[in-house]
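> Sequence first, predicted model second:
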Amino acid sequence: MSEHDETRETDAHSGTETTGHEWDGIKELDTPLPRWWLYIFYASCVWAVIYWVLMPAWPALPGLAGETDHTRGLRNHSERANVAEALDALAEQRAVGFAALEGASIGEIENDPELLGFVLAAGETVFRDRCGTCHGVGGQGFVGYPNLNDDVWLWGGSYDDIRHTLQVGIRSEHPDTRFSQMPAFGRDELLSRAEIGEVTDYVLSLSGTSADAGAVSRGQAIYDSQCASCHMADGRGDRAQGAPSLTDQDWLYGGTREQIMASIHRGPYGVMPAWEDRLEETTLDALAAYVFLRGGGEDATAGPTGQ
């Protein structure tokens, strides 16, 4: 059977004409498409044309769509404009809360249920958007990124301390950034690998972890000459320098022997951006209050802790 034959064969079983195509004895039927499918297809074509006319759709040649690079459509619809309008509406809605927050102390925030609710909601939004990537959306932190839910702070955990840290950042480009510097004792060959191991054993002993007595004794001598000026002779650290306490079980870069040795070898240099020029003052207030109120904030008179 040829596709050029004027008379097409009708399949005896189905009663449908064939197309004239045949492969290995199998003949192709010329089955018409279902009417419902055709109606949907035609309706979709009509809807597509209407959409193209009403909505932005087609890339345009230069000059055909004004300043845009696509057709605007008769409705002149713009998701960018819709988002901008929604953001303006949200800013207007929050304006009352931010006005009440301006100049308020953390005590005043805690004693005003309505303001407290606003601060927690606004602060959480900013935290998830700006801070959650590093600290986790729950503020739980990761290795190299501090946990913000506890009472362990490198630079102080009062509301004012937290706000200042957010404002100027840590080792950021801000001229007043908080800056601490721990030498890379191994990388820069200030200490041998054996000496790093011994001072690590001494550091572990400060936090109550058992270690070889001989190594601890030798490590203490190294610690006194290389580390005590920042971490203090008793290992309790110094917040003025951002030097963590070594006497607890909280470790920013991990507390195993291998992790501590790695920190001493390379010298940790975590960076947090300064938010002063990225957030408005009241937004910064809300973020600082949110971090403080998560459970880790401390009274301004609290003594130094931290790791």
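Nice, thanks for sending it over.
> what about residue 235, which SS state?
Three-state assignment for residue 235 (DSSP: H, G, I helix; E, B strand; the rest coil): coil.
> actually residue 18, not the one I wrote
strand.
> Specify the beta-bridge partners of it.
Beta-bridge partners recorded for residue 18 (DSSP bridges): residue 29.
> Do I have it right that it meets residue 12?
No. Counting by Cβ atoms under 8 Å, residue 18 sits too far from residue 12 to count as a contact (10.6 Å). (C-beta placed from N, C-alpha, C; glycine too.)
> Could you list the residues in contact with stretch 173-191?
154-155, 164-165, 167-171, 193, 196, 199, 222, 226, 230, 241-243, 263-269, 274, 276 (Cβ atoms under 8 Å, 6 or more residues apart in numbering).
> Residue 18 and residue 12: which has the busier surroundings?
A direct count of neighbours by other Cβ atoms under 10 Å for residue 18 and residue 12 places residue 18 higher, at 18 against 6.
> With just CA atoms, put the top helix by length along the chain into CSV.
In the chain, taking DSSP state H as the definition, the longest helix is helix 79-101. Extracted C-alpha coordinates of helix 79-101, given in CSV (Å, rounded to 0.1, in the frame of the first residue of the first chain):
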residue,chain,number,x,y,z
GLU,A,79,4.7,42.5,38.7
ARG,A,80,7.5,44.8,39.6
ALA,A,81,5.0,47.6,40.2
ASN,A,82,2.8,45.2,42.2
VAL,A,83,5.7,44.2,44.5
ALA,A,84,6.8,47.9,45.0
GLU,A,85,3.2,48.7,45.9
ALA,A,86,3.0,45.8,48.3
LEU,A,87,6.3,46.9,49.9
ASP,A,88,5.0,50.5,50.3
ALA,A,89,1.9,49.2,51.9
LEU,A,90,3.8,47.0,54.3
ALA,A,91,6.1,49.9,55.2
GLU,A,92,3.1,52.1,55.9
GLN,A,93,1.6,49.4,58.0
ARG,A,94,4.8,49.0,60.1
ALA,A,95,5.4,52.7,60.4
VAL,A,96,3.4,53.0,63.6
GLY,A,97,5.3,50.2,65.2
PHE,A,98,8.7,51.5,64.2
ALA,A,99,7.7,55.0,65.4
ALA,A,100,6.9,53.5,68.8
LEU,A,101,10.2,51.6,68.8
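> what packs against that helix?
helix 113-126, helix 281-291 (3 or more Cβ pairs under 8 Å, 6 or more residues apart in numbering; DSSP states H and E).
> Just the buried residues of the longest one, please?
When you say that, I think you mean helix 113-126. 115, 118, 119, 120, 122, 123, 124, 125, 126 (16 or more other Cβ atoms under 10 Å).
> any chance of those in a markdown table, plus pLDDT and distance to residue 25?
Output for the buried residues of helix 113-126, formatted as a markdown table (pLDDT from 0 to 100; distance: Cβ to Cβ, whole Å):
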| residue | pLDDT | distance to residue 25 |
| --- | --- | --- |
| 115 | 94 | 83 |
| 118 | 93 | 78 |
| 119 | 93 | 79 |
| 120 | 93 | 75 |
| 122 | 93 | 74 |
| 123 | 94 | 75 |
| 124 | 95 | 70 |
| 125 | 93 | 69 |
| 126 | 95 | 72 |
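> Distance to residue 144 added to those, as JSON lines?
As requested, the buried residues of helix 113-126 are exported to JSON lines (distance: Cβ to Cβ, whole Å):
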{"residue": "115", "distance to residue 144": "34"}
{"residue": "118", "distance to residue 144": "32"}
{"residue": "119", "distance to residue 144": "28"}
{"residue": "120", "distance to residue 144": "27"}
{"residue": "122", "distance to residue 144": "28"}
{"residue": "123", "distance to residue 144": "23"}
{"residue": "124", "distance to residue 144": "23"}
{"residue": "125", "distance to residue 144": "25"}
{"residue": "126", "distance to residue 144": "22"}
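> what about the residue nearest the centre of the chain, distance to residue 250?
Closest to where the C-alpha atoms of the chain average out (Cα atoms, centre = their mean) is residue 133, at 1.5 Å. Distance, residue 133 to residue 250, by Cβ to Cβ, to the nearest Å: 22 Å.
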